[in-house]
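Enquirer: Structure, please.
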Amino acid sequence: MSKTAIIIGAGPAGLTAAYELLTKTDIKPIIFEATENIGGISKTFNYKQNRMDMGGHRFFSKSDTVMKWWTDLMPIQTVPSKDDILLNREIDLSKSEKEQDPNKIDDVMLVRNRLSRIYFLKTFFDYPVSLSFSTMKNLGVARIIKIGFSYTYSLLFKREEKNLEDFMINRFGKELYLTFFKDYTHKVWGVEPKDIPADWGTQRIKGLSIIKLLQQAVKKVLGTNKQDLKQKNTETSLIEKFYYPKFGPGHFWQLTAQKIQSLGGKIEMNKKIVKFETENNIVKSVTDDAGNKYVADYFFSSMPVQDLINGFDKKDDVVKDVAEGLEYRSFITVGLLVKDMVIKNNTKLKTYKNRVPDDWIYIQEREVKLGRLQVFNNWSPYLVKDYENTVWLGLEYFCNENDDMWNTKDEDFISFAKKELAQIKIIKEEDVLDGCIVKVPKAYPGYFGTYKKFDIIKDFVNKYENLFLVGRNGMHKYNNMDHSMLTAITAVSNIINGIKTKDNIWSVNTEQEYHESKSDNV
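Expert: Residues are numbered from 1 along each chain as shown. The predicted model follows:
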């Protein structure tokens, strides 16, 4: 009799676990998804045939396993995309013998140029911040001198890295930290960088520093930075190309869900797991919010750790208190369909109608609450119903669930977002044609609250032999999409190989091969 696995959550980690089980074992997976959407935070929201990517998901990884996983399910384009044809733009394409034309078929990965910039002082700065002529011109001589001296000081007098502020100052100097990082970090997380552990920087920007930026700039000048699409020797924050599904990340994960079902896996939507029954360090069953009980041999959880612990039938007060004290950051995306933008392309990149070429723009202007701006036309021309005559924007706001921002009426918030974008001279209010709003709770696990005691929770869940925590919220770890997938791949591999310890799952995105940035770069 075949064994079964219950997987909680139909996001990247849960879907990856199910597919791995189906293709490598005889274990039959059943996925329980609490919402009506496939993909978790990587879903794609469709508003009147204009599609929104929740947070921006570049399909790029240092892991060959993940890159192959993606392209095996969704092949890379061999024919130019709609915008490339309009611009007569040359791009590196797959050399596959089988034609993959995004203008004729849907299940195809596009090859996209990466450009993200910072919008500050009503002008653009490179992201990550570069020491280019334009940066120096925009900041002014006096500030550049201060940045240079403060960075030199940070090299000579390293801080003990007790928090994120120490981490950033050690790599960029205090002046550059105050200019570009301090206020934006507070906007995203709602707390000061000095109140965030250095762990966050270790996971997200470890290999990035002024030295790395200088090295990358020199390579560009000398023309020695040309690489294939794997970009193995480039920090993730500095990559120049990435893959992207024709209709956004949700498109890929919906395709994955279809593959899972065709292989015999089951996906139950709108079923929230609320209770875990255990016995002798084994999870025996789970119960959904309608009172239905399900028994299985293995259990994978990508649900928020706080909710997971709350559902356990046996837990001591210490574990319960740590779980209840974990904090999360939510976000709101406002979609605005506009005729045009005030800001224009000032780069050497070719764009349609001289539109800005950015995938997303980090908004550093202190007078607005807006955190990031996505230009969906540039992620994929197929995300936009009328690519040639409209620009489809995603305005991202970071907040706490049920705070004033979260509880604002949708129509009022859309109006507020429209005014903010006009205030910083990115659009004109009268050019807005339509708008929508999407709220994503618990999008980012916080590295504050009781997080410093998280090992108590790790020790508690690790003792359950048949329970595997995977993914971003499942592990309360700020994983990228590829890291979340790798936790699931590793968990399934452990089952196959009879590995009882969970250490290698928890080490994903801490060991060198999983880092966003290589650990030998300072």
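Enquirer: Please identify the helix or strand for Ile489.
Expert: helix 481-497 (DSSP states H and E).
Enquirer: Any idea how far that helix is from the middle of the chain?
Expert: When distances are taken as C-alpha atoms, centre = their mean, to the nearest Å, helix 481-497 is centred 18 Å away from the chain's centroid.
Enquirer: In that helix, which residues are buried?
Expert: Buried residues in helix 481-497, defined by neighbour count with 16 or more other C-beta atoms under 10 Å: 481-492, 494-495. Glycine gets a C-beta too; all of them are placed from N, C-alpha and C.
Enquirer: Specify which member of the residues you listed is nearest to Asp195.
Expert: Distances from Asp195 to those, taken as C-beta to C-beta, are shortest for His483 (24.1 Å).
Enquirer: My read is that that closest one contacts Thr510, right?
Expert: No: under the criterion of C-beta atoms under 8 Å, His483 is not in contact with Thr510, lying 9.7 Å apart.
Enquirer: sorry, back to before: check which helices and strands the helix holding Ile489 is in contact with.
Expert: Helix 481-497 makes packing contacts with helix 12-24, helix 64-73, strand 298-301, strand 467-469, helix 472-475, helix 503-506 when contacts are defined by 3 or more C-beta pairs under 8 Å, 6 or more residues apart in numbering; DSSP states H and E.
Enquirer: repeat that with 10 Å
Expert: Using 3 or more C-beta pairs under 10 Å, 6 or more residues apart in numbering; DSSP states H and E as the contact test, the elements touching helix 481-497 are strand 4-8, helix 12-24, helix 64-73, helix 249-262, strand 298-301, strand 467-469, helix 472-475, helix 503-506.
Enquirer: May I see the ones you listed arranged in JSON lines, with mean pLDDT and distance to Lys137 as well?
Expert: What follows is the helices and strands packed on helix 481-497, written out as JSON lines (pLDDT from 0 to 100; distance: least, C-beta to C-beta, whole Å):
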{"stretch": "strand 4-8", "mean pLDDT": "98", "distance to Lys137": "52"}
{"stretch": "helix 12-24", "mean pLDDT": "98", "distance to Lys137": "41"}
{"stretch": "helix 64-73", "mean pLDDT": "96", "distance to Lys137": "38"}
{"stretch": "helix 249-262", "mean pLDDT": "98", "distance to Lys137": "37"}
{"stretch": "strand 298-301", "mean pLDDT": "98", "distance to Lys137": "51"}
{"stretch": "strand 467-469", "mean pLDDT": "98", "distance to Lys137": "49"}
{"stretch": "helix 472-475", "mean pLDDT": "96", "distance to Lys137": "39"}
{"stretch": "helix 503-506", "mean pLDDT": "96", "distance to Lys137": "46"}
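Enquirer: where do the strands sit along the stretch 351-500 of the chain?
Expert: Listed in chain order, the strands found in the stretch 351-500 of the chain under DSSP state E, counting those that start in this stretch are 360-363, 372-375, 391-399, 432-445, 467-469.
Enquirer: next one: the stretch 51-200 of the chain
Expert: With DSSP E, counting those that start in this stretch, the ranges of strands along the stretch 51-200 of the chain come out as 109-113, 116-120, 123-126.
Enquirer: Would you reformat these as CSV and include distance to Val338?
Expert: Converted to CSV, the strands of the stretch 51-200 of the chain look like this (distance: least, C-beta to C-beta, whole Å):
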stretch, distance to Val338
strand 109-113, 21
strand 116-120, 16
strand 123-126, 19
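Enquirer: can you give me the helices for the stretch 201-350 of the chain?
Expert: Applying DSSP state H, counting those that start in this stretch to the stretch 201-350 of the chain gives helices spanning 210-222, 249-262, 305-311, 317-324.
Enquirer: Off-centre distance for the shortest one?
Expert: So that's helix 305-311. The chain centroid and the centroid of helix 305-311 are separated by 23 Å under C-alpha atoms, centre = their mean.
Enquirer: Give me the helices and strands touching it, please.
Expert: Applying 3+ C-beta pairs under 10 Å, 6+ apart, one finds that helix 305-311 contacts strand 4-8, strand 273-279, strand 298-301, helix 317-324, strand 432-445, helix 454-462, strand 467-469, helix 472-475.
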